[in-house]
Each structure stands twice: as structure tokens, then as C-alpha cells.
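Q: can you look at this prediction? I've put the sequence above it.
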Amino acid sequence: MWRSDELDSIPIHFILCTERTGSSLLATMLNMNPSLIVASEEPFALYFSGKYGNISDWNESRIKAYVDDFFSLFEKNAALYFEHKERFIQCLMVHAAILNYDRLIKLTYLNFYDSDIKNKDSIKVILDKQMKYVFHKEEITRLFPSASFLMLTRNVLANIEAKSRRGIDFFSHPYYLSNVWKLTYDEALGFPSIQILPFETFISNPESALKTLNTYWGVSFEPSQLNYQAGFHALIAHRAYLLSPQYIEKISDFHRGILDATPRTKQQITQSLSEKHQGVILKQTNETSKKLGYTTPSTAIKLTFWDTLSWTLYRILALLFRPYLWRAYRLLPLKLKRIIRRRNKEYAP
């Protein structure tokens with residue numbers, strides 16, 4: 001059981017990024033540190049503030065309602081990443097007398113990874129790796145005014161290549177993916193207290209990057225953080241009885257960057273972008289790339305009417321399927337969110 005002052009002393013910080021920037025690998029490494037916990041990508045802190053944000057009297061029925069809402073809206077991999085449901089309820093019940101929204105959220109974070117796989121007694125810092133929060137700056141900074149933000153970046157062309165290979169988004173056209181990249185980092189650059197970690201720096205020297213980040217968050221570097229493959233294998237093995245072989249194969253394939261022993265700097269990169277696409281992308285994302293510290297090759301390409309029209313079309317689609325869609329979804333009542341999520345209901349431990 002945590003005292004109120006212990007919970008209040010644990011800061012919450014955020015990792016902002018887009019897909020294929022090494023965030024899953026980084027989170028796995030950070031979670032190997034006994035002083036850190038990095039939650040899987042669940043935007044509950046944002047979605048539940050309207051319904052539960054002002055409650056100060058937490059009885060059993062309200063706690064069970066919150067837990068039911070939480071598992072109903074868990075977006076993916078609850079059986080792998082979260083504590084058993086009854087243990088979660090018990091944890092909140094023993095803290096009922098001291099609960100407010102801030103402590104409720106912190107206790108929820110502290111129940112990611114069940115206690116048999118990760119001891120929470122020495123947790124000093126909570127980290128949330130959540131891509132959706134990039135487009136909810138006002139609400140996140142209001143809910144967490146003392147939070148700092150780590151921004152994971154990646155060269156725009158390499159990021160698009162990686163996304164195309166993995167079929168990450170609704171559309172695979174490079175202009176759409178480029179606009180997602182640009183929208184994400186234009187928004188992220190507006191957050192306060194930003195620390196930038198380029199993918200290229202992280203992958204080339206992960207130990208140095210981890211030591212810098214640990215110091216930034218006020219915890220010691222642990223050599224075990226480099227033993228990330230063992231950590232991920234242990235997590236899957238611990239929950240294997242809840243998971244189907246098909247699910248284990250799927251999650252392992254999705255996170256093959258974590259499990260692959262070949263350094264990413266030596267992995268083969270398939271160049272699928274035409275010279276024309278590369279030129280247009282570099283020209284249209286040049287200012288954002290400079291702000292992120294990337295030096296882009298100069299391009300003398302002149303955009304034709306059709307280049308501009310195509311770029312604008314995919315920008316509109318990127319706006320619709322990222323900030324506009326995610327912001328609209330946040331505004332939906334929890335009841336409607338539960339109906340939407342029910343279609344993809346998975347087992348809750």
C-alpha cells in the first residue's frame with residue numbers, strides 16, 4: 001500500500017512519437033529499470049477525466065465502475081500488459097480513503113505489468129508512451145502541469161520507409177505518411193519541457209542514451225536495461241497461459257525490432273521511395289526537419305500543380321485520420337466509447 005505522500009511524490013512524464021521510432025524498444029529497456037515503469041499505450045488518463053476527474057469520495061461501487069470502464073476501453077493487449085482485474089480492484093479499495101483523480105491515475109499506471117513480473121515497491125517515475133497525446137496538448141498539460149516530455153524523432157524518409165514496410169496506417173502513400181510525420185512533430189514541438197531523442201542516436205548508442213534519460217528523470221542507470229530481450233521474453237512467458245499461440249506469434253512479429261538480435265544499424269533497408277517522392281517530401285517537410293535537428297539535402301525540385309494538389313489531398317486525409325479523428329473520439333461519452341470498443345473486446349486478466 002502506498003501512502004498519499006508517496007503517490008504524490010511520483011512524477012508522471014510522457015514519451016511523444018509517431019510509429020516506427022523505436023518507442024517500443026525504448027519502453028522495454030526502460031521497464032527493466034526497477035525505478036521506472038512505462039505503461040503500454042492506453043489513453044485512459046485523458047478519456048476518464050470528464051467522468052472521474054472531480055470525484056473525491058471513492059466507495060466500492062465507484063471503484064468497480066471505474067475498473068469496468070477501464071477494461072472496457074483498454075485498446076489492446078490487456079492480457080499481456082495489465083494486472084489481474086481482481087488485484088486491481090483490491091489495490092484501489094485499500095487506497096479508497098486517499099483517492100483523488102491524480103492518485104487514481106497513478107495507481108492505474110502502477111498496475112501495468114502484474115506484480116509477479118515487475119515489483120512496484122521501488123518505482124520513482126511513471127512514464128507514458130502514448131502517440132495520441134501529441135494531439136491533446138492543452139488537456140494533457142492541464143491534467144499534468146509538472147510533466148516533462150521526451151520526443152522520439154526519426155529522419156522523415158527512413159520513418160516513411162519503415163511504416164510502408166509494416167503497413168502501419170490507413171494509407172500507405174508516402175505523402176500521407178509524410179503528412180502524419182509532419183503533423184505529429186509540429187504539434188509535439190509545442191509541448192513544454194521537451195527533451196529530444198533521435199532514433200538514430202538511440203540505436204547507435206543505446207547505453208549512452210539510456211544513461212542520459214535516466215539522469216534526466218533522476219534515476220540511476222541499470223545494466224539490466226540492456227538485457228531487453230530477456231525482459232520481453234519473460235513478459236510473454238509469464239502470461240502465455242492467457243494468450244493464444246496465434247496472438248504470441250502476432251505480438252512477437254509486431255515487436256520483432258525488440259526480439260531481433262541484429263543491430264538495426266546493420267539491418268537492410270529497402271528503398272521504395274522514388275526520387276520524385278523523396279524530393280517532394282524533403283521540400284515539404286524541410287522546416288520541421290530543421291527544427292528537429294536533421295540536416296536535409298538541398299533539393300532544387302519545383303513543385304508542379306499536380307504535386308501540390310496531391311500533397312494537399314493527403315494532408316487533408318492525414319488531418320482527418322489523426323488529429324481530427326482522435327480529438328473527436330475524446331469528446332465522445334464513455335458509454336459510446338464502450339459500445340465502439342465492445343466490437344473488439346478481448347480477454348481482461
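A: Perfect, thanks for sending it. Numbering: from 1, shown residues only.
Q: shaky segments in the stretch 201-349 of the chain?
A: Scanning the stretch 201-349 of the chain for pLDDT under 70 picks out 257-271, 299, 343-349.
Q: please repeat the previous calculation with a cut-off of 80.
A: 253-272, 296-300, 342-349 (pLDDT under 80).
Q: can you map out the helices along it?
A: Counting by DSSP state H, counting those that start in this stretch, the stretch 201-349 of the chain has these helices, from start to end: 206-217, 228-238, 245-254, 256-259, 275-284, 286-291, 305-319, 325-331, 334-342.
Q: would you reformat those helices as TSV and include mean neighbour count and distance to residue 85?
A: Just so you know, the C-beta spots here come from the backbone N, C-alpha and C atoms, and that holds for glycine as well. Converted to TSV, these look like this (neighbours: other Cβ atoms under 10 Å; distance: least, Cβ to Cβ, whole Å):
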stretch	mean neighbour count	distance to residue 85
helix 206-217	17	30
helix 228-238	16	17
helix 245-254	12	19
helix 256-259	15	27
helix 275-284	17	46
helix 286-291	15	42
helix 305-319	15	37
helix 325-331	13	24
helix 334-342	13	16
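Q: tabulate these (JSON lines), appending distance to residue 19.
A: JSON lines is the format used below for the helices of the stretch 201-349 of the chain (distance: least, Cβ to Cβ, whole Å):
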{"stretch": "helix 206-217", "distance to residue 19": "19"}
{"stretch": "helix 228-238", "distance to residue 19": "18"}
{"stretch": "helix 245-254", "distance to residue 19": "11"}
{"stretch": "helix 256-259", "distance to residue 19": "11"}
{"stretch": "helix 275-284", "distance to residue 19": "17"}
{"stretch": "helix 286-291", "distance to residue 19": "17"}
{"stretch": "helix 305-319", "distance to residue 19": "13"}
{"stretch": "helix 325-331", "distance to residue 19": "14"}
{"stretch": "helix 334-342", "distance to residue 19": "21"}
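Q: closest one to residue 63 among these?
A: helix 334-342 (15.6 Å; Cβ to Cβ).
Q: any residues touching the closest one, and which ones?
A: 47-48, 50-51, 69, 72-75, 329, 332 (Cβ atoms under 8 Å, 6 or more residues apart in numbering).
Q: buried only: go through those residues for me.
A: Among those, those classed as buried by 16 or more other Cβ atoms under 10 Å are 47-48, 69, 72-74.
Q: picking that back up, distance to residue 146 added to the contacts of helix 334-342, as a markdown table?
A: Converted to a markdown table, the contacts of helix 334-342 look like this (distance: Cβ to Cβ, whole Å):
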| residue | distance to residue 146 |
| --- | --- |
| 47 | 21 |
| 48 | 20 |
| 50 | 21 |
| 51 | 23 |
| 69 | 26 |
| 72 | 30 |
| 73 | 26 |
| 74 | 27 |
| 75 | 26 |
| 329 | 27 |
| 332 | 28 |
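Q: export these as JSON lines, with columns for secondary structure and distance to residue 214.
A: Shown next, in JSON lines, are the contacts of helix 334-342 (DSSP: H, G, I helix; E, B strand; the rest coil; distance: Cβ to Cβ, whole Å):
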{"residue": "47", "secondary structure": "helix", "distance to residue 214": "30"}
{"residue": "48", "secondary structure": "coil", "distance to residue 214": "30"}
{"residue": "50", "secondary structure": "helix", "distance to residue 214": "35"}
{"residue": "51", "secondary structure": "helix", "distance to residue 214": "35"}
{"residue": "69", "secondary structure": "helix", "distance to residue 214": "34"}
{"residue": "72", "secondary structure": "helix", "distance to residue 214": "35"}
{"residue": "73", "secondary structure": "helix", "distance to residue 214": "32"}
{"residue": "74", "secondary structure": "coil", "distance to residue 214": "29"}
{"residue": "75", "secondary structure": "coil", "distance to residue 214": "28"}
{"residue": "329", "secondary structure": "helix", "distance to residue 214": "34"}
{"residue": "332", "secondary structure": "coil", "distance to residue 214": "38"}
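Q: of those residues, which is the nearest to residue 254?
A: For the contacts of helix 334-342, the closest approach to residue 254 (Cβ to Cβ) belongs to residue 75, at 14.0 Å.
Q: the closest one against residue 44, yeah?
A: No - in terms of Cβ atoms under 8 Å, residue 75 does not count as a neighbour of residue 44; the distance is 9.3 Å.
Q: for residue 179, see how far away residue 14 is.
A: 23 Å (Cβ to Cβ, to the nearest Å).
Q: which of these two has more neighbours?
A: residue 179 (26 against 22; other Cβ atoms under 10 Å).
Q: now the more buried one. Nearest residue, chain neighbours left out?
A: residue 318 (3.7 Å; Cβ to Cβ, 6 or more residues apart in numbering).
Q: same thing with residue 152?
A: residue 17 is the one closest to residue 152 (Cβ to Cβ, 6+ apart), at 3.8 Å.
Q: for that neighbour, give its distance to residue 178.
A: In terms of Cβ to Cβ, residue 17 sits 16 Å off from residue 178.
Q: swap in residue 72?
A: Taken as Cβ to Cβ, the span from residue 72 to residue 178 is 35 Å.
Q: same check on residue 206?
A: 27 Å.
Q: repeat for residue 67
A: With Cβ to Cβ as the criterion, residue 67 and residue 178 are 41 Å apart.
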